[in-house]
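Undergrad: Pasted the sequence and its predicted model underneath.
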There are 2 protein chains.
Amino acid sequence: MDGYLAWLNYADQTPETWTLCQEPPVEDACLKNAKAELQRAWGPESPGAVQGWQLSLQLDGQLNREAYQIQRRDRNLSLSGGSTVGLLYACFALIRCLRLGQLTPDQTISQSPATSLRMINHWDNLDGSIERGYAGQSFFFRDNQLLLTERTQDYCRLAASIGINAIVINNVNVGGEASWLISSRHYPSLAELSRLMWGYGIRLFLSIDFAAPIVLGGLESADPLDPEVIAWWGRKVNEVYAALPQLGGFLVKADSEGRPGPFTYGRDQSQGANMLGRALAPHQGLLIWRAFVYNARQDWRDHKTDRARAAYDYFAPLDGHFADNVYLQIKNGPMDFQVREPVSPLFSRLRQTHLILELQIAQEYTGQQIDVCYLGSEWREILDFHTANPAALPGKDRVSDLITQSAWPGLKAGIAAVANTGSDRNWFGHDLAGLNYYAYGILAWNPAGDVVSIAADWLRQSLPSLSESATKALLSILTSSWRTYESYTAPLGIGWMVSPQTHYGPAIDGYEYDRWGTYHRADHWGLGVERGPQGTGYSELYPETLAARYRTVTSCPDELSLFFHYRRYTDRLHSGKTVIQHIYDSHFDGAAAAETYLETWRSLQSELDPELYERVEHRLEQQVANAREWRDQINSYFWRKSAIADEKKRVIY
Amino acid sequence: MDGYLAWLNYADQTPETWTLCQEPPVEDACLKNAKAELQRAWGPESPGAVQGWQLSLQLDGQLNREAYQIQRRDRNLSLSGGSTVGLLYACFALIRCLRLGQLTPDQTISQSPATSLRMINHWDNLDGSIERGYAGQSFFFRDNQLLLTERTQDYCRLAASIGINAIVINNVNVGGEASWLISSRHYPSLAELSRLMWGYGIRLFLSIDFAAPIVLGGLESADPLDPEVIAWWGRKVNEVYAALPQLGGFLVKADSEGRPGPFTYGRDQSQGANMLGRALAPHQGLLIWRAFVYNARQDWRDHKTDRARAAYDYFAPLDGHFADNVYLQIKNGPMDFQVREPVSPLFSRLRQTHLILELQIAQEYTGQQIDVCYLGSEWREILDFHTANPAALPGKDRVSDLITQSAWPGLKAGIAAVANTGSDRNWFGHDLAGLNYYAYGILAWNPAGDVVSIAADWLRQSLPSLSESATKALLSILTSSWRTYESYTAPLGIGWMVSPQTHYGPAIDGYEYDRWGTYHRADHWGLGVERGPQGTGYSELYPETLAARYRTVTSCPDELSLFFHYRRYTDRLHSGKTVIQHIYDSHFDGAAAAETYLETWRSLQSELDPELYERVEHRLEQQVANAREWRDQINSYFWRKSAIADEKKRVIY
């Protein structure tokens, strides 16, 4: 089993007799793709057959564009969609529900996405590499050209099957040939891609280079207030939309990690974003502006500057300054996709800014698709987090309320995530990493989804021949994997103890004396970054209910204890353990858990396809080695520094 | 001043009237090059002029091939050489001595190189990059082709002017196109290069791929005992020498850091080397085999394996097993060109092996031609080191006695060093780094040379217009620079606290949990690697007089204290300071010294060419920043770990 089919693995489906009794009288790519999917699952239609599924598809003007309804009356299936996209979603859902036994003979399912913008960000470069890609090369680009192959369409199927409706195909770090995506060099192939995507309900977005007026236009400036620059962007966007009428808009990383931006010209972030937003507005294009702006040249000796504050300090004062088609895309945490971070305080403060929650499916800091790490568990906590945003309606202050636009009237919002896909035959490198992509889509559609059920559904679709007990065993690996990964890596929310650049494997001091604002401040007595009022003051960026929780060690939850506070090794956590004993215990436990994953997998060998078995076994062996390395380096480092022995006298080097 | 002329900067020379009264009746490239050098220094000859220098050149069969004699009687100069190479050396020496005022009106200078093999190793790759190159790209290779330009000849002049007589042009890590240097693809250009070099008394050597029988020959093995392999090498070497009759031989890095070698076939190092040696013997070719063999996949948890032992453990038992045209090339220390290491114990033990001392002019671990670091100071200590080799004649046991073949009868030996050159206009990146190349050549010729005088001579030749006081100021920078570099980097001989891979700048734990056998073992109580009898036993590899010195902390010299022993921070050194206070003091002092270098340089601005001034100033600014980073990271690291405060209460972060 090569994994190419992912969760659209219909191998277990016996051909069905089915008849299409009714369909909308339109020529439409979405409708065509919807019917094609039914054929993939069930085999060719048997027109006029009186046995089997009697299917009728219709449009329903009462439904939202992406909404659908499935009515089953025994073998009669009536599918309605707010548009043909809704019907496409209905067909994917029908296949899924039938496979999972989730559509009883007399049942009606009504679905409408809770989130209007459900986006994937690819960090693919035009040379075919992928920034933080762990599943091979890009399938969008090679040799500075856009690729359009069967795989492109199959990727659209995967994305549409879980409701993704917007895809940025190129890396947010735009340079070289990527700057020229918005030029005639690439319009013909992009137009073809955008039409293909459109047939799956997906809007194409492009990451652009803020310095494009200089690079492409030959202007001397990219100053967002310069009339020439404004005029250039106006003309450029008109040209782009003439070529790509289905384009969703642009994504911009500006003034971050060496990218150009409005700061170069003494302008603020909203001035940069709004200039582009205004150019896009006539075409109903969106401008998505990343909030990931910070000083990447910090001095480690400086204990006052705090990278965790950066996005807040730059953007909170600009609340209300952004144009109506501008969205601020905010990473879930204030740092950068560590295995554990608090939720960004911007979600607690912004009330007049359209916002997008940015997650990372790519396992940059969470095991790089070598270690199994089901991120749904993390996302569940993020989505359930009460932001205490004072603008929110009573009880509607969770992150999930924000991204579903239910927190307050007039809010526009969405969700985005960095893809974990690549040219590897199985799309994700690690077969079990496919779950993260799948779960992201399901949660984007319905942020209230239960992540254990999502994992179970994914398993049954992806590995349909597995026995119930094997499915259960794998489910137990998946649902414990994020906490396991957390337990054998950097402790108690401190983060960043990873190998610089690669971000895989431990290097406890790897970022400690560096310029990235990423420190643990460990010394002989303790460790942690003091972010309370006596420290960097980061805790005070939150509304009082949250600030009160984070401000003191007595109220701060254990899992974020070292993120918010410098703690002595001998301090007791809420768990009753000392900090140092927690470090030792969690690392011994986490590495042991990784070993049980490998044992479990091996115990299932007889049930598994040999190729799949070997692919995953090889990765689990690497995970066991990685967890051991983390365990021993972390434990040795803190033993050598603290001189406090493990209570349980286990081997520390 | 662009630095291109280096120490052959004759800009200060006023044209001289000179006449060649006599020369040997031979057509010879060395003689031609010798006369051309006189013209460069003095301007065109004035044949028959009765004023000015009256010069006679002759061959003297009594002299060794490379030896020469210069007799000055007022304006009459009589130069004799054992061959035209000797005459070439005589001409370079004549120009130098006259410029430096070191040839009085009635003086005779007789010179013969103390070392017969004076070699440079270039680590140049065929794609034009240089491994550990800090002065631009290769001037030997570009785009997989050999380059032959005016620069090639000027490089030969630089090398010959200080007596280099052997040059390996390609990296010891041989792969890709470099494997094909010994094939018809490259013979024509290599032949031209070897002829050019030969005209400067230099033999061309090539680094070769031990797996060449597989890669080039299509054999299935490179087993040195396989008759097919032996036959293949025999044919190959015959072919090479037919094309390159002046070739000096081959250099091989085998079984090291991923290179193939005899271990692959269960053979020992001498079997690999001798097989190649036998193929070369009919052509009087030399086979130079590097002793840099170690397990590069050590587990940091393993305290018993000691990389410092590796070369000894592999090669000491093979003493007497090597063929007569095989030389073992041994790095000065047992690790890898750290700023301070003990001398390799192989020099104390081998008695029946021809050997080459390998130094590194390229400043890989010593500042990368950003920081000024005059390595002559280090080499002086290495050359003066008494090896206590039991085979040595009384009082003839210094490293310098070994490489000059005076330690015992029948010994063959030489010296080699990794070049610090590149395509930068000034050859060395840092103008002051040219001294290291120069001093290497002078010391290779005469290992008893005084390194302060060498530096002074170099300064006067390279910057002839400098005032006496400025020369003195620069000399003071140069002669203190190695100890300064040592003082602000890794303390007391421990080494390796550098950024992995790049090897520039501090990363105290950068190699601590890695696979390279490079650990400092610092904990709350102390640091250092215990290499005494209770530790890895490395100290016992030396003869008893040295073993006794290194075995105990009471006799071990301070500068190697942590190389040989784990010491408590509170232990007293011979200097009277505690280990921790030594760390603090040396780092504050070293960084302060770097600052004075910059101040001194700035104070000389009015005397210096503006381009040269800026090039060096820019590097000194980087050095100051680097020294500050080392100081603060080292001090913070050990303060945080030891919890022992600086007695002088200076700022530690």
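TA: Received the coordinates, thanks.
Undergrad: Could I get the average pLDDT for the helix ranked longest in chain A?
TA: Longest helix in chain A, counting residues (DSSP state H): helix A:610-642. For helix A:610-642, the per-residue pLDDT values average out at 98.
Undergrad: now the strands for the stretch 251-400 of chain A?
TA: A:286-290, A:326-331, A:354-360 (DSSP state E, counting those that start in this stretch).
Undergrad: The stretch 401-550 of chain A too?
TA: A:413-418, A:526-527.
Undergrad: go on, the stretch 1-150 of chain A?
TA: So, for the stretch 1-150 of chain A - with DSSP E, counting those that start in this stretch - the strands run A:18-22, A:53-59, A:68-73, A:76-81, A:106-111, A:117-121, A:141-142, A:145-146.
Undergrad: Can you name the residues of chain A sitting close to chain B?
TA: A:300-301, A:506-510, A:513, A:522-525, A:629, A:632-633, A:636-637, A:639-643, A:653 (CB under 8 Å from any CB of the partner chain). (Glycine included, C-beta is placed from N, CA and C.)
Undergrad: These, buried ones only, as a ChimeraX selection?
TA: The following ChimeraX line selects those of the residues of chain A next to chain B that are buried, judged by 16 or more other CB atoms under 10 Å in any protein chain shown:
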select /A:300,506,507,508,509,510,513,522,523,524,629,632,633,636,637,639,640,641,642,653
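Undergrad: how near is the nearest residue in space to residue A:33 that is not next to it in sequence to residue B:30?
TA: In space, and not counting its chain neighbours, residue A:33 is closest to residue A:199: 5.4 Å by CB to CB, 6 or more residues apart in numbering or on different chains. Computed as CB to CB, to the nearest Å, the residue A:199 to residue B:30 distance reads 78 Å.
Undergrad: just residue A:136 next, same as before
TA: Taking CB to CB, one finds residue A:136 at 58 Å from residue B:30.
Undergrad: The two - which one has more neighbours?
TA: residue B:30 (22 against 17; other CB atoms under 10 Å in any protein chain shown).
Undergrad: for that one, what are its contacts?
TA: B:83, B:84, B:85, B:87, B:88, B:199, B:200, B:201 (CB atoms under 8 Å, 6 or more residues apart in numbering or on different chains).
Undergrad: The last one: how many residues sit nearby?
TA: Applying the criterion other CB under 10 Å, we find 27 residues in the vicinity of residue B:201.
Undergrad: Nearest spatial neighbour of it, chain-adjacent residues omitted?
TA: residue B:85 (3.8 Å).
Undergrad: and if you look at the first one?
TA: Taking CB to CB, 6+ apart, and ignoring the residues beside it in sequence, residue B:83 has residue B:65 as its nearest neighbour in space, at 4.6 Å.
Undergrad: which residues of the stretch 451-600 of chain A fall in helices?
TA: Using DSSP state H, counting those that start in this stretch, the helices of the stretch 451-600 of chain A run over A:451-462, A:468-488, A:544-551, A:561-564, A:579-603.
Undergrad: tell me the most buried of those helices?
TA: helix A:561-564 (a mean of 27; mean count of other CB atoms under 10 Å in any protein chain shown).
Undergrad: Pull the distance from that helix to the chain's centre.
TA: From the chain centre to the centre of helix A:561-564 is a distance of 24 Å (CA atoms, centre = their mean, to the nearest Å).
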